[in-house]
Structure formats: structure tokens, C-alpha cells
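Student: Following is a predicted model, sequence given first.
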2 protein chains.
Amino acid sequence: MVIAALAGGVGAARLLRGLVQVCEPAEITAVVNTGDDVVLHGLHVSPDIDTIVYTLAGAVNPETGWGLTGETWAAMDALERYGGITWFRLGDRDLATHLYRTQRLGEGASLSDVTREVALAWGLELHVVPMSDDRVETRVDVEGEGEIAFQDYFVRHRHSVPAKAVRYAGAADARPAPGVLETLLSATRVVVCPSNPILSIAPIMNVPGIEDAVAARRDDVVAVSPIVAGAAIKGPADRLMAELGVEPTVVGVARLYAPFAGTLVVDEADADLASAVEGEGVRCVVAPTVMRGAPEAAALARVVLDG
Amino acid sequence: MVIAALAGGVGAARLLRGLVQVCEPAEITAVVNTGDDVVLHGLHVSPDIDTIVYTLAGAVNPETGWGLTGETWAAMDALERYGGITWFRLGDRDLATHLYRTQRLGEGASLSDVTREVALAWGLELHVVPMSDDRVETRVDVEGEGEIAFQDYFVRHRHSVPAKAVRYAGAADARPAPGVLETLLSATRVVVCPSNPILSIAPIMNVPGIEDAVAARRDDVVAVSPIVAGAAIKGPADRLMAELGVEPTVVGVARLYAPFAGTLVVDEADADLASAVEGEGVRCVVAPTVMRGAPEAAALARVVLDG
């Protein structure tokens, strides 16, 4: 079974860790959001790609869901002497990934090339592909400050300022990374991972050609709701949806995904909303979706594949 | 007494550490070679500036003479996973300096600005100024490979390949950093530190205006020979001088420096060459020049000031 998975960071990484348990990792391609990518200290940081690679490699920090386990922070601590940018914490070993990526991009490699190299270096068989090799920047228009960069919103402000709008700068001119459209069109199943619909999935969909390709496969598209019982499992999806006028429930998710997803998997806690989801024209599957560990992830992966 | 010191890395840093013991640090300006600067992993590394700052801050690794004491290497070790560039070792805490510098340069700050900020962050009163805010790249034409970048020659090849020529790319279009010429013209004494004449001092002199300014002060210019008894205290100066047809002795140094230095301090081991040095039209002062620790550095600084 060939799987294409649209992926953000932590939630997506967990589902992917389930998928590799129940099907051939080499037959899975994760198409990953790069709207969160940021250049910090001159280094190209791709947070969602790294979260997925580290998680699939079994090297992710289990407490945060991102970064490396057993990480040290000597560089960040030393950066405080200079009053440098330390609100975005880059661990010493994690820095190596950004050093390598930046060096390779500077040599003319594409983000796809580098991502493949990084994933191989961690021994992954699953394919990790950025949504685009072109720069797309998710930007958030927030109360008081106007439009700010994603990481300013997400990390510096800890997504605690009210948002008025979200824009995917550069998306209109971006091309899907090599192979992305072919993978979406040929996969047995297209999975929309339980990631933030506005900050993780929408940037991918905004790369011209991707939403059309996914919509063309609508009957084979299974999305997993990142909203459970009206709240995001992690991050600001619920709050942001409400601020942008989308009901922060599985029904709101169904409404956003209806154009391209035939099926939405919702948590058992939302079983009572199943018929409302179906009212949006999306088939609803009720299952446990909270992945506390590998067994839950594998079970959810099976649900998604049975879709 | 106002001092301007032309400086490379380790040897210069040691003499500067002597100078701050015997005169007011705030009255000393080190004009530092940046021909060794290199962009690695997208980060701007200024090895000579950092060696001077770390040394004057008392934070340098005493065993190597460069880098930070008590350094850790998690990032470099992790970079090996990717087959990244690890022959140029950047410690975790040292990385913070390059992260900060690169961030600030990206924001539009000049290298002078950043260098001042870095020196202040380490509590230095001595002024540290790059020779130029413009990019000058020392390049070495070596047997077999043709012209290579300085760090390829110096670190990757461990300066073990025969050199045919050295070029200071960009020097002709570079301007001295703000204040450099004024400092050279107004200092009570101009010191040419015991640094590699070809790889550290010559790049500085090749920035248009600097050699003229130093030469205009020739009677007040005191150089310290980095060659003792026909050998460099550290690094490849002796070998490189010979390869480029310059006698690798204090007499060869005197010949190189005669256009701009009135006095050359040579080690007691070279006392027998004093008259040959003076034959080059340079006054010769014989004194212990090998700085094993702070007392020797202070003693040499006194000789230079009495010069």
C-alpha cells in the first residue's frame, strides 16, 4: 500500500510512527509543511521536517515532541552573553542539522535534496519531502503588531496573541517539490495527518497544484482531526480556528477539509458530532485518536488505512 | 600611551595580553586580520578576531591558543552523521559567537559593529577592530590544486602543501574599517604583532591606505618577529616564507617590514643577526620574545613600548 501523508510537526510525526509499524516504511512519503521554516542566525531551520525525521528515527525528545533527546544547550546558553536570539531554542546536536542544511543549500542543493540526505543519515526508509523547494512563509496578522513571521507568533509570543488572518507568503509562486504531485496522484491512500489545519495543512494546500491533486483523490483521502472535544491536542489550532471564524470542533475541521478529504477520523470523544461531520459531506470514522505511545499510533494508523 | 596594534591570531593575542598589563587597555586598538574569515555552514567565522577576544577575556583554550576553554563538541560530533564539514572544528560555545555575528551581519550591521559588540560582551576594554568591513579573502596557490581558500590551506591541509603564491582577493576594493586610519595616524606607537608576515600582516597591509598610514609612522612602528632562530613559534610562517622566496629568518622579516617598520624586536636566539637586520635599514632590538605566560608577555610589551 503506497501512502502519501500531508504532515505538519508533532501530531503528524506521531501518526507516521504508527504508519511505519503497519505498512512498509519505504512505501510511505510524508509531504511536509515548510511554511514554518525560518532563517535564524543565518541558519535554515525546518522545524516540521526535523520533528518528523527525529521522531521517526526514535531520537526525538519525548517530553516536548520536538528536538533531540539527551540534547545539550551550550550554544544557546553562550548566545545569551551576546543578547542573541535565544527564544527559539536550538540544541547543540540539533544545530548540526541546521548547519548541514544551510551548507548544502548554499552549495546549491535543493531543500528536497537536503531533506533526503538528512532522512537517510538517520536511517529512515520512509520518504520525507518538503511541500516545496521554494520559500513559502506562513505569516500571522496579529492584534497590535500587524503581520508577523510564523515563529514570532508561535514561539516568541507562544501563540498567545489574537490572530486576525494568516497568509502563506510566496505560496502563489511556489512549485510543489519534485515528485509531490506524482506521489499524491499515485498513492493508494492520501492521509491528512492530525496537524494544525491553518498553520500546517493549509500552507501545503496553498502550493499551486497540491490541493487539486489531493481533491482529485478525494475518495482515498483520510484526514485525522487534530481537534478532540473542541480542543487541540497540542498547539493553538482550536484558538486560531475560532479567531479566524472557523468552529473549533471536528465539524469545523470537516468544513475546512471537505473540498479534498472524503473521510475524517474523529476521536471517540466526538462521537456525538459524527452526523454533523457527515452533514458537511465528509464520511466520519470514530476511533481513539490520541496517540500516547506506539500502540495507539499503530492502532490509529490501521484505522486510517482501513479508512 | 595610545597603541595601535596590527594583529593576526594566537601570537598577536599573546602580545596584546602583555600590552593590557602595562598600559591602559582602553587606549589600545587591535586592528585585526580578516583575510582568514570564512563562511562555513552559512556562518561567518572570524578566527583571528575571536582568538583575540577570547584570549583577552581569559577564556581561550590555553592548550590550542584558540577556541574556548572547557569547550564541548556536541554539534560537530552530530554533524559527522551527515558527513558535514567537520575539519574546521567549531565548539558549541564558540558557535554562539558565529551565530550572533551572522545574525547581526544579516540584519545589516557591519563587521566592526559586531566585533565591538562581541568584545564588549566579553568585558574587554581594549578595542578590537577588523582591518576592513569589506570582504578580503586570503587565497593560497598550492602545488597540484591551484588556488584554494585560506582555511582549506591552513586547516584542511594543515598548511602542509607547498605554496607558490598568496593573494588577498578583494583587498584592492576594500576600505579600512571606520577609525583604522585615524588610529594608526594618531597612536603614540604602532605595534606589528608577532603574526605570520604573509598570512596575517600582509592582508592588513594590502587594504588600501593602511600600509601608507603605517609607513607614515615608520619611526614609531615597532614590529616583533614571529620567526625565532629560523622557525615560526607557531604555524607555517617559516616554511611559507621560504616557499615564497623570503629568507625564513629575522633578516627576511626585516626585509618584508622595512618599508613601514622602523624597529624590529628579535629574540635573543637571533642576537647574532642583529647587524644583518640593521643592514635592512631597520633598527634591531634584542629581547626574549617567546611568551610562555603572562609575565613574559608583559615583559615583551614593555620592550615594545620602550622600542
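Tutor: Perfect, I can see it now. Only a predicted model underlies this, so the values are computations on that prediction, with no experimental measurement involved. Numbers count the residues shown, from 1 in each chain, chains lettered A, B, ... in the order given.

Student: What residues of the helix or strand where A:A12 lies count as buried?
Tutor: Using DSSP states H and E, A:A12 falls within helix A:10-22. Buried residues in helix A:10-22, counted by 16 or more other C-beta atoms under 10 Å in any protein chain shown: A:10-20, A:22. Heads up, the C-betas are built off the backbone N, CA and C, glycines and all.

Student: Looking at these, which is nearest chain B?
Tutor: When the buried residues of helix A:10-22 are compared for distance to chain B (C-beta to the nearest C-beta), A:A13 comes out closest, at 18.9 Å.

Student: now the helices: where do they sit in chain A?
Tutor: A:10-22, A:47-56, A:74-79, A:92-106, A:111-121, A:150-151, A:180-186, A:202-205, A:210-216, A:237-243, A:250-257, A:274-279, A:294-306 (DSSP state H).

Student: among those, which is nearest B:W122?
Tutor: Nearest of the helices of chain A to B:W122, taken as C-beta to C-beta: helix A:74-79 at 11.0 Å.

Student: do that closest one and chain B meet?
Tutor: Yes: for helix A:74-79 and chain B, the contact criterion (C-beta under 8 Å from any C-beta of the partner chain) is met by A:74-79.

Student: ok so, going back, return the helix holding A:A12 as CSV; C-alpha atoms alone will do.
Tutor: This file holds the C-alpha atoms of helix A:10-22, laid out as CSV (Å, rounded to 0.1, in the frame of the first residue of the first chain):
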residue,chain,number,x,y,z
VAL,A,10,4.4,16.7,16.3
GLY,A,11,1.0,15.2,15.6
ALA,A,12,1.9,14.2,12.1
ALA,A,13,5.2,12.6,13.3
ARG,A,14,3.2,10.5,15.8
LEU,A,15,0.8,9.2,13.2
LEU,A,16,3.7,8.5,10.8
ARG,A,17,5.3,6.5,13.6
GLY,A,18,2.1,4.5,13.6
LEU,A,19,2.0,4.1,9.9
VAL,A,20,5.6,2.7,9.7
GLN,A,21,4.5,0.0,12.1
VAL,A,22,1.6,-1.2,9.9
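
Student: excluding its backbone neighbours, what's nearest A:A298?
Tutor: Excluding the flanking residues, the one nearest A:A298 by C-beta to C-beta, 6 or more residues apart in numbering or on different chains is A:Q21, at 4.2 Å.

Student: Go ahead and confirm the one you found touches A:E296.
Tutor: No: at 10.9 Å, A:Q21 and A:E296 do not qualify as touching, with contact defined as C-beta atoms under 8 Å.

Student: thinking again about what came up before, take the buried residues of helix A:10-22 and lay them out in JSON lines including distance to chain B.
Tutor: Below are those laid out as JSON lines (distance: C-beta to the nearest C-beta, whole Å):
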{"residue": "A:V10", "distance to chain B": "21"}
{"residue": "A:G11", "distance to chain B": "26"}
{"residue": "A:A12", "distance to chain B": "23"}
{"residue": "A:A13", "distance to chain B": "19"}
{"residue": "A:R14", "distance to chain B": "23"}
{"residue": "A:L15", "distance to chain B": "25"}
{"residue": "A:L16", "distance to chain B": "20"}
{"residue": "A:R17", "distance to chain B": "20"}
{"residue": "A:G18", "distance to chain B": "25"}
{"residue": "A:L19", "distance to chain B": "24"}
{"residue": "A:V20", "distance to chain B": "20"}
{"residue": "A:V22", "distance to chain B": "28"}
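
Student: So which of those is the closest to B:V161?
Tutor: Closest approach to B:V161 among those (C-beta to C-beta): A:A13, at 46.4 Å.

Student: give me the number of residues near A:H157?
Tutor: Neighbours of A:H157 under the rule other C-beta atoms under 10 Å in any protein chain shown: 16.

Student: Verify the stated contact: it with A:V142.
Tutor: Yes: with contact defined as C-beta under 8 Å, A:H157 counts as touching A:V142 (7.3 Å).

Student: which neighbours do these two share?
Tutor: Counting by C-beta atoms under 8 Å, 6 or more residues apart in numbering or on different chains, the common neighbours of A:H157 and A:V142 are A:I148.

Student: which regions of chain A lie under the pLDDT threshold?
Tutor: Along chain A, no part satisfies pLDDT under 70.

Student: Next up, the contacts around the residue lying farthest from the centre of it.
Tutor: The C-alpha centroid of chain A is most remote from A:R81, which lies 33.5 Å away (C-alpha atoms, centre = their mean). Each residue near A:R81 by C-beta under 8 Å, 6+ apart is listed here: B:96, B:121-122.

Student: sorry, back to before: out of the buried residues of helix A:10-22, flag the one nearest to B:L40.
Tutor: Distance to B:L40 across those (C-beta to C-beta) is lowest for A:A13, with 30.0 Å.

Student: Which residues are in contact with the closest one?
Tutor: Here A:A13 is in contact with A:7, A:51-52, A:54-56, A:60, A:65 (criterion: C-beta under 8 Å, 6+ apart).
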